[in-house]
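In: quick check, what structure comes out for this input:
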Amino acid sequence: MNNEQLQPTSADAQLRAEQDAESDAKKVSWFFIGLFGNIIGVLIASIYEPTPPASRLLEKPPEYTALYTDSYKAKSRSIQLRLSLIGLVVPFVLMILWVILLRSLI
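Out: Numbering: from 1, shown residues only. As a prediction, the model looks like this:
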């Protein structure tokens, strides 16, 4: 193998970052932040950017590190926002179902 085959590509960095962000996401926590934090929880989820562990970036070229970090943060924020929005919407859906159920009983 030559040196070019050993170097990670930008596509590798982005794919790996998105996979790592997906596995690292604290999905249940962000759901409950949206559920109990309401719109403030959603705002926090849209602003907060977790950083990837430095150990994943050791001995990587600067371009790889920059792309990995940007992709990781973007994917993490996307997951956080989606789950906090779900947490925000769930009580409203349950309330609507409850009202429908009560009206059908009357």
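
In: got any ranges where the protein has weak pLDDT?
Out: Per-residue confidence for the chain (pLDDT under 70) gives these ranges: 1-8.

In: can you map out the strands along it?
Out: Applying DSSP state E to the chain gives no strands.

In: pull the longest helix from it.
Out: When the chain is scanned for its longest helix (criterion: DSSP state H), the result is helix 62-105.

In: which other helices and strands does that one contact?
Out: In terms of contacts (3 or more C-beta pairs under 8 Å, 6 or more residues apart in numbering; DSSP states H and E), helix 62-105 is packed against helix 10-24, helix 27-47. (Glycine included, C-beta is placed from N, CA and C.)

In: middle-most residue in the chain, spatially?
Out: Compute the mean C-alpha point of the chain, and by C-alpha atoms, centre = their mean the closest residue is residue 79, 2.4 Å away.

In: how much space between that one and residue 65?
Out: Taking C-beta to C-beta, to the nearest Å as the criterion, residue 79 is separated from residue 65 by 21 Å.

In: for residue 63, list the residues it contacts.
Out: Listed by C-beta atoms under 8 Å, 6 or more residues apart in numbering, the contact partners of residue 63 are residue 10.

In: start the count at 32 instead of 1 going forward.
Out: With 32 as the first residue, the last one maps to residue 94.

In: distance of residue 125 relative to residue 86?
Out: Relative to residue 86, and taking C-beta to C-beta, residue 125 is found at 42 Å.

In: cool, residue 114 as well?
Out: Summarising the geometry, the distance separating residue 114 from residue 86, computed by C-beta to C-beta, is 26 Å.

In: ok, back up a step: more crowded one of residue 125 and residue 86?
Out: Neighbours were tallied for residue 125 and for residue 86 using other C-beta atoms under 10 Å; the higher tally belongs to residue 125 (10 against 6).
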